[in-house]
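K.L.:
next one to model:
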Amino acid sequence: MELIGVLFMIAAGGVIAVAVMIAIGVAQRNAEPNPIASTTPDRSRIAASILFHLLLAGGAEPDEALRALRRAGVASPVTTGIDVASWGDRFAHLATAEQKRWLLETAVQLVAAFARPVPVRQYAVLLDLNFSLGFQTDALAKLREQYGFDYIDHAKEGRPREADRGGGAVPLFVRGTGDTTALLEVLGIEGAPDRQTIISAYRRLAAQIHPDRVHGQPADVQSEAAARFIEITRAYEALMALYGD
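P.N.:
This is a model prediction of the structure:
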């Protein structure tokens, strides 16, 4: 009997020890954040971070940018030093079509709310966001017309929307022009193009002369790149308005 009692006590002790170890493991899992969850921002934080970076690209101070986000009803924390294109891709994978439209429109509203000409670097960020969300630039151009913001063309200083129409330059989101030869030459396209050819040509050129590629270089280099970037963007938007799906 004594031997049986000893064996029973040993077995009971082993069961208790295993139970304690399991309980400790569960407690640790509950107390420690999931490393994947903690390093993968949720959709709201991605959106807030994109909008924050967009405002910084326009020259806003960080505290000014945060206040603008809060006024717009965006309350999520932000992550600094992001790449808008890759974060926009991530948002697009997590969001519905309505949420993607909301993000682009909110971005345009925030830019327009400052009531000052938009630097080409900030406009480039808008284009990055626009593309990464799966839109073409005609979507951005329509919002620009709706909310009415001007951008800075470094080749011609500040250029308001009405100056585009009155000065003979190719305006953003042009419809109704039948002469596409000059526009195609701007994008380096020969022959009869289709919509996908236009998209591919623009993206290739935009990647080569994106204003961020010359950031920090002499002013004349930046001005030349900005002027070329705006030139190809105007041509692209005009052609996209003419060549439907």
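K.L.:
any stretches of this protein with poor pLDDT?
P.N.:
Within the chain, the stretches with pLDDT under 70 are 1-40, 136-138, 150-179, 211-212, 215, 244-245.
K.L.:
shouldn't residue 204 be within a helix?
P.N.:
Yes - counting by DSSP: H, G, I helix; E, B strand; the rest coil, residue 204 is found in a helix.
K.L.:
gap between it and residue 210?
P.N.:
11 Å (Cβ to Cβ, to the nearest Å). The way it works is simple: take the backbone N, C-alpha and C, and place the C-beta from them, glycine included.
K.L.:
which of the two has more residues huddled nearby?
P.N.:
Taking other Cβ atoms under 10 Å, residue 204 and residue 210 do not tie; residue 210 has more neighbours (16 against 12).
K.L.:
so the more buried one is in contact with residue 229, correct?
P.N.:
Yes - the criterion here is Cβ atoms under 8 Å, and residue 210 meets it with residue 229 at 6.9 Å.
K.L.:
give the residues shared as contacts by those two.
P.N.:
Taking Cβ atoms under 8 Å, 6 or more residues apart in numbering as the criterion, residue 210 and residue 229 both touch residue 124.
K.L.:
contacting residues around residue 143?
P.N.:
By Cβ under 8 Å, 6+ apart, the contact set of residue 143 is 104-105, 108.
K.L.:
can you check residue 99 too?
P.N.:
43, 91.
K.L.:
where does it fall, secondary structure wise?
P.N.:
Using DSSP states H and E, residue 99 sits within helix 97-113.
K.L.:
cool, residue 49 as well?
P.N.:
Applying DSSP H and E, one finds residue 49 within helix 43-57.
K.L.:
so what touches that helix?
P.N.:
41, 62, 64-66, 68-69, 72, 74-80, 82, 84, 87-88, 90-91, 94-95, 99, 103, 106-107, 110-111, 119, 121-122, 124-126, 129.
K.L.:
next helix or strand past that helix?
P.N.:
Next element after helix 43-57 (DSSP H and E): helix 62-71.
K.L.:
can you give me the angle that next one makes with helix 43-57?
P.N.:
130 degrees (axes from the mean of the first three to the mean of the last three Cα atoms, to 10 degrees).
K.L.:
just give the closest residue to residue 88, not the sequence neighbours.
P.N.:
residue 132 (2.9 Å; Cβ to Cβ, 6 or more residues apart in numbering).
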